[in-house]
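**Student:** Just the structure for this:
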Amino acid sequence: MIEEPIKRFILLVLFQAQQDNAAELTVGPGRSGRSAIRYKVGDTWYDMSPPPHIMPDVVAELGRLAGFSSRPFPKEALIDVPFGGLRLRWVIRATSADADCVLTPIEQ
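**Tutor:** Residues are numbered from 1 along each chain as shown. Here you go, the predicted model:
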C-alpha cells in the first residue's frame, strides 16, 4: 500500500508544475542515471526528484492515480484529481515499465 506522504508528494509536484504552466512533466531516468522527476517551463527544466529510495513508490502512485492495470505497454490515461481548490488534470503516457513516463497538462 502506498503511504499518504507519497501521494501528497505527487499531488504537490503536479500542482506546482500546473501552477508554473509546465508544458510537460517527465518521470524516468535522469541525466545522472538515477530516476528523476522534472518539468519543463519554456526552455527550462525544473527538478522535483525525491530521494532515490522512494522513487519506486512514486512511480507506483502515479500509475494508481492513472488507473493503470497490468495490461501491456504502451499505456495512456487521464489523471484528474482535486487539490488545493483546483483540478489537477494531466494526460500520462508510459511506453514501458522502465522508460520515461511523460505527463502533459490539460488546459483548464
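**Student:** Now the top helix by length along the chain: buried residues?
**Tutor:** Using DSSP state H, we find that the single longest helix of the chain is helix 4-19. Of the residues in helix 4-19, 6-7, 9-11, 13-14, 17-18 count as buried by neighbour count, 16 or more other C-beta atoms under 10 Å. C-beta here means a position set from N, CA and C on the backbone, and glycine is covered the same way.
**Student:** Let's have those residues in CSV, adding distance to V102.
**Tutor:** Shown next, in CSV, are those (distance: C-beta to C-beta, whole Å):
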residue, distance to V102
I6, 20
K7, 20
F9, 19
I10, 15
L11, 18
V13, 14
L14, 13
A17, 12
Q18, 15
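**Student:** same question for the longest helix of the chain, mean pLDDT?
**Tutor:** Per-residue pLDDT over helix 4-19 has a mean of 93.
**Student:** Just the CA trace of that helix, in PDB.
**Tutor:** Taking C-alpha atoms only, helix 4-19 is exported to PDB below (Å, rounded to 0.1, in the frame of the first residue of the first chain):
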ATOM      1  CA  GLU A   4      -0.100   9.100   2.200                       C
ATOM      2  CA  PRO A   5       3.100  11.200   2.100                       C
ATOM      3  CA  ILE A   6       3.900   9.700  -1.300                       C
ATOM      4  CA  LYS A   7       0.500  10.600  -2.600                       C
ATOM      5  CA  ARG A   8       0.900  14.200  -1.200                       C
ATOM      6  CA  PHE A   9       4.300  14.500  -2.800                       C
ATOM      7  CA  ILE A  10       2.900  13.500  -6.200                       C
ATOM      8  CA  LEU A  11       0.000  15.900  -5.900                       C
ATOM      9  CA  LEU A  12       2.300  18.700  -4.800                       C
ATOM     10  CA  VAL A  13       4.600  18.100  -7.900                       C
ATOM     11  CA  LEU A  14       1.600  18.100 -10.200                       C
ATOM     12  CA  PHE A  15       0.200  21.200  -8.500                       C
ATOM     13  CA  GLN A  16       3.500  23.100  -8.800                       C
ATOM     14  CA  ALA A  17       4.000  22.100 -12.400                       C
ATOM     15  CA  GLN A  18       0.500  23.200 -13.300                       C
ATOM     16  CA  GLN A  19       0.800  26.500 -11.400                       C
END
